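[1] Sequence first, predicted coordinates after that:
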Amino acid sequence: MTAYHLIMLDQIVGLATWGESDTFDIEAKLDPENADAVAKLHGDDRIKENADLMKALLADRFKMKAHTEVKDLPVYTLVIAKNGSKLKVAPANQPTGFGMGMGTINSKGMPIASLAASLSHPAGRLILDKTGLTSNYEVNLTWAWNDDPTSTSPSLFSALQDQLGLKLEPAKAPVDVVVIDHLERPSEN
């Protein structure tokens, strides 16, 4: 899922049953020259290179061959809640970025598209930004990670609405999926 930037298992088509249940310990190491080159990359370039390296590992060790398609899948749309947004616009000179922990996101300047992407994994579905908000915002959000019943924090859905004035609505949308054409169990080293 990391190699193809997938959020949910529904984005994988044709995965063998053992691919969903078996686990493997994989140790991979770049040669020093390539490791130095990757270390010099930043942001999206580093993310893309790491994904390409993982795809190469999957092709080598699992003989994986795959292609992408688009399929209508359940998603969430992020919209402004009935009582309006509670977000505060970040100062224009504030750099973007955020810190995310298990059940928290904190930022002094964050685009809403980044918030939606960050919350997709904990929500279990791809979240599409439909707020129409275009500035960078201060975000302080706390929720019960994995809806932990022992937590005193609210669910992600309640936290978004109460703390930020945003709401997740179920929808269907075209989503990129990875179709596995071939996959083999790896041999032991």
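    That came through, no problem.
[2] CA only for contacts and neighbour counts going forward, please
    Noted.
[3] Quick one: the strands in the protein, in order.
    All strands of the chain, identified by DSSP state E, fall at 12-13, 65-80, 88-89, 97-101, 104-111, 127-129, 136-142, 166-182.
[4] list the contacts for the residue nearest to Pro74 when sequence neighbours are not counted?
    Among residues not flanking Pro74 along the chain, Lys172 sits closest, at 4.5 Å (CA to CA, 6 or more residues apart in numbering). Neighbour list for Lys172: 72-76 [criterion: CA atoms under 8 Å, 6 or more residues apart in numbering].
[5] give me that answer again for 10 Å
    The contact partners of Lys172, by CA atoms under 10 Å, 6 or more residues apart in numbering, come to 71-77.
[6] still on that earlier bit, how about a markdown table for the strands of the chain, with mean pLDDT and distance to Glu20 added?
    Listed next are the strands of the chain as a markdown table, based on pLDDT from 0 to 100; distance: least, CA to CA, whole Å:
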| stretch | mean pLDDT | distance to Glu20 |
| --- | --- | --- |
| strand 12-13 | 94 | 10 |
| strand 65-80 | 96 | 16 |
| strand 88-89 | 94 | 42 |
| strand 97-101 | 87 | 26 |
| strand 104-111 | 93 | 28 |
| strand 127-129 | 96 | 23 |
| strand 136-142 | 94 | 31 |
| strand 166-182 | 96 | 13 |
